[in-house]
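**Q** sequence-free structure coming up:
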């Protein structure tokens, strides 16, 4: 680290000050203005349905949250679920998710809800310097074991 004395006159701009200190050229301290990390691909949420339980008559849905980017996702928030979906397993909330890794949720859909319209599910998370990103999917509830036609969405 170096000590620099820069004389500032009235009307000096921030750009001029940074140039004088070497901040915009990189200097010994590196670049002052770094591009935010985490702007590229982040997490994706995919769904698949399994056969109905023989006893309970409920459709089980596995949601897989995958990190498609190069940064580690942190602060994964809980899924907000409508009342006709029950969370059976949560392997994602509050856990860091490194690049190329995945975690999963297991949900159960109430058998009375098998003929309802689309269900939008969303997971919010932090990704490097980008706070509060989201990954989502839409489940189209149909009759019978072909429950899902999923559409993934991410920001």
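**A** Sure, I can see it. What you see is a predicted model; the values in this text were computed from it and never measured.
**Q** just for this structure, where's the confidence low?
**A** Applying pLDDT under 70 to the chain picks out residues 1-35, 38, 50-57, 111-117, 141-155.
**Q** all strands of it, in order?
**A** Counting by DSSP state E, one finds strands in the chain at the ranges 43-49, 59-67, 73-74, 85-90, 102-109, 118-127, 130-140, 150-154.
**Q** on contacts alone, who are the packing partners of the shortest one?
**A** Judged by 3 or more C-beta pairs under 8 Å, 6 or more residues apart in numbering; DSSP states H and E, the packing partners of strand 73-74 are strand 118-127. The way it works is simple: take the backbone N, C-alpha and C, and place the C-beta from them, glycine included.
**Q** coming back round to it: pipe the strands of the chain into a markdown table and attach mean neighbour count per row.
**A** Formatted as a markdown table, the strands of the chain follow (neighbours: other C-beta atoms under 10 Å):
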| stretch | mean neighbour count |
| --- | --- |
| strand 43-49 | 19 |
| strand 59-67 | 21 |
| strand 73-74 | 21 |
| strand 85-90 | 15 |
| strand 102-109 | 19 |
| strand 118-127 | 19 |
| strand 130-140 | 18 |
| strand 150-154 | 15 |
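**Q** Export these as CSV, with columns for distance to residue 96.
**A** Below are the strands of the chain laid out as CSV (distance: least, C-beta to C-beta, whole Å):
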stretch, distance to residue 96
strand 43-49, 12
strand 59-67, 10
strand 73-74, 5
strand 85-90, 15
strand 102-109, 10
strand 118-127, 10
strand 130-140, 14
strand 150-154, 18
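**Q** between the ones you listed, which one is nearest to residue 36?
**A** Of all those, it is strand 130-140 that lies closest to residue 36, at 6.4 Å by C-beta to C-beta.
**Q** what's the angle between that closest one and strand 43-49?
**A** Relative orientation of strand 130-140 and strand 43-49, computed by axes from the mean of the first three to the mean of the last three C-alpha atoms, to 10 degrees: 20 degrees.
**Q** which helices and strands does strand 130-140 pack with?
**A** Secondary-structure packing of strand 130-140 (3+ C-beta pairs under 8 Å, 6+ apart): strand 43-49, strand 59-67, strand 118-127, strand 150-154.
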